[in-house]
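In: Sequence first, then the predicted structure:
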Amino acid sequence: MEYNDIRALLNKYWACESTEEEEAALRVFYAGHEGTLPADLQEASPLFQYFNDCSAVPDMPELFTDKPAPWDEPQQPAIVRSIWQGWMKYAAAVLVAAGLLYSADSFRDKQTGGAMVFADTYSDPKLAYEQTQRALQLLSKNLNRGKNEMQKIAYFNEATSIVEGKN
C-alpha cells in the first residue's frame, strides 16, 4: 500500500469517517512497518500497533458459569413501610367511628324536630324568670356588639367621602 493511500486513510480515521475494513488495513500496515516510515505517518504507529496487539489477545473465559450472576437473577423489590403506616389504620378507624357518632347524633336531632329540647320551667316561676333574664342579657350583649361594628363602618364611610371630596 502506498503512503498516499495510508495518509488518506489516516485523514478519514481522524475525521471519524473510516470503516472497520479501513481501520483493519491501517492496523495491518502499521504491524508490518517498524521505524522506516515518514515522520507524518510515524505519529500514528504506536496507536495502531497497540490496536493490533490487543486484537491478538483472546477473550477472557467466563468464570463460575455453573451459577448465574447476582445481577442476572430477578429480585423481588424490597417493601419499605413508613413508621406512620401502622398508625394510619388506627387513625382511620377513629375517624370512621367519629363519623358514625356524628351521623347518629344528627339523625337523633332530626327525629326530635331539630330543635333543642329544654326542660319545662313553668312550674317554678322564679327559675323561669332568671333564665329569661339571662337569655335577654345575652341577646342585648350581642346586639350591642353589632351596633359598635356598624359605627365603625359609618366612620369609615365618612372618611372615604372626605378623601374623595364629596363633603
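Out: Yep, that arrived. Numbering: from 1, shown residues only.
In: Report the secondary structure state of the spatially most central residue of the chain.
Out: Most central in the chain under Cα atoms, centre = their mean is Ser82, positioned 16.6 Å from the mean C-alpha point. When classified by DSSP: H, G, I helix; E, B strand; the rest coil, Ser82 comes out as coil.
In: quick one: it from Val94, how far?
Out: 19 Å (Cβ to Cβ, to the nearest Å). Where C-beta positions appear, they are placed from N, C-alpha and C, glycine not excepted.
In: For Met88, see how far away the residue nearest to the centre of the chain is.
Out: Ser82 is 9 Å from Met88, by Cβ to Cβ.
In: which stretches of the chain form helices?
Out: In the chain, the helices defined using DSSP state H lie at 3-14, 20-32, 39-42, 45-56, 85-111, 125-164.
In: Mean neighbour count, distance to Pro77 and mean pLDDT for those - can I get that in JSON lines?
Out: What follows is the helices of the chain, written out as JSON lines (neighbours: other Cβ atoms under 10 Å; distance: least, Cβ to Cβ, whole Å; pLDDT from 0 to 100):
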{"stretch": "helix 3-14", "mean neighbour count": "14", "distance to Pro77": "47", "mean pLDDT": "85"}
{"stretch": "helix 20-32", "mean neighbour count": "15", "distance to Pro77": "42", "mean pLDDT": "83"}
{"stretch": "helix 39-42", "mean neighbour count": "11", "distance to Pro77": "57", "mean pLDDT": "78"}
{"stretch": "helix 45-56", "mean neighbour count": "13", "distance to Pro77": "41", "mean pLDDT": "77"}
{"stretch": "helix 85-111", "mean neighbour count": "10", "distance to Pro77": "16", "mean pLDDT": "88"}
{"stretch": "helix 125-164", "mean neighbour count": "10", "distance to Pro77": "62", "mean pLDDT": "83"}
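In: any chance of the ones you listed in JSON lines, plus distance to Gln76?
Out: JSON lines is the format used below for the helices of the chain (distance: least, Cβ to Cβ, whole Å):
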{"stretch": "helix 3-14", "distance to Gln76": "49"}
{"stretch": "helix 20-32", "distance to Gln76": "43"}
{"stretch": "helix 39-42", "distance to Gln76": "59"}
{"stretch": "helix 45-56", "distance to Gln76": "41"}
{"stretch": "helix 85-111", "distance to Gln76": "19"}
{"stretch": "helix 125-164", "distance to Gln76": "66"}
